[in-house]
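Visitor: Provide a 3D model corresponding to the input given below.
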Amino acid sequence: MTGFLIALISGALMSVQGVFNTQVTKTTGMWVSNAWVQLSAFALCFVMWLIMGRDSVASIAKVEPKYVLLGGVIGAGITWTVIKSMEQLGPAKAALLIVVSQLIVAYLIELLGLFGVEKSPLDWKKVGGMALALIGVAIFQLAGK
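Guide: Next comes the predicted model:
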């Protein structure tokens, strides 16, 4: 149940952050806004590291495989794509498409056992759920016209 609530909070925070970042971009520009997002996140993480515990920073060099260290680079890409999609589609439609995309890609990662994730068998109920989500996107799109 805790994981469920945390996931709901995560989705809500992502939507609010996307709107905030889009508003900041209107005044500052894309890369200043994106840099501010990453810098402020770094500052918070640094403060939390000081308060909560001092894991070894040097241990980052031991992470394997090395490509998983690209999370921050991907984060900058996420910030850019969220801002652009919210600018062009509005928060609701952008968030809906982002969530459906996350669901499909996450399920493919599980199915194929990519990036060290344990491989899962194909579950037609999950495929049906994703198809239903895509139908929801189509209905949402049609309702806006």
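Visitor: List phi and psi for T2.
Guide: For T2, the backbone dihedrals (degrees, to the nearest 10) come out as phi -60, psi -40.
Visitor: tally of neighbours for it?
Guide: Counted with other C-beta atoms under 10 Å, residues neighbouring T2 total 6. C-beta coordinates here come from the backbone N, C-alpha and C atoms, glycine included.
Visitor: Could you do the one 3 residues further on as well?
Guide: Applying the criterion other C-beta under 10 Å, we find 9 residues in the vicinity of L5.
Visitor: what's the closest non-adjacent residue to L97?
Guide: Once flanking residues are discounted, L97 sits nearest to V137: 6.5 Å by C-beta to C-beta, 6 or more residues apart in numbering.
Visitor: pretty sure the one you found contacts S101?
Guide: No - the pair formed by V137 and S101 falls short of the contact definition of C-beta atoms under 8 Å, at 9.9 Å.
Visitor: I'd say S85 and L96 touch.
Guide: No - at 10.2 Å, S85 does not count as touching L96 under the criterion of C-beta under 8 Å.
Visitor: Between those two, which has more neighbouring residues?
Guide: For S85 against L96, the residue with the higher neighbour count under other C-beta under 10 Å is S85, and the figures read 19 against 16.
Visitor: give me the element A95 is part of.
Guide: helix 91-112 (DSSP states H and E).
Visitor: For the helix or strand hosting W80, which outside residues touch it?
Guide: Using DSSP H and E, W80 sits within helix 71-89. Taking C-beta atoms under 8 Å, 6 or more residues apart in numbering as the criterion, the residues outside helix 71-89 that touch it are 14, 17-19, 21-22, 25, 30, 33-34, 37-38, 41, 94-95, 97-98.
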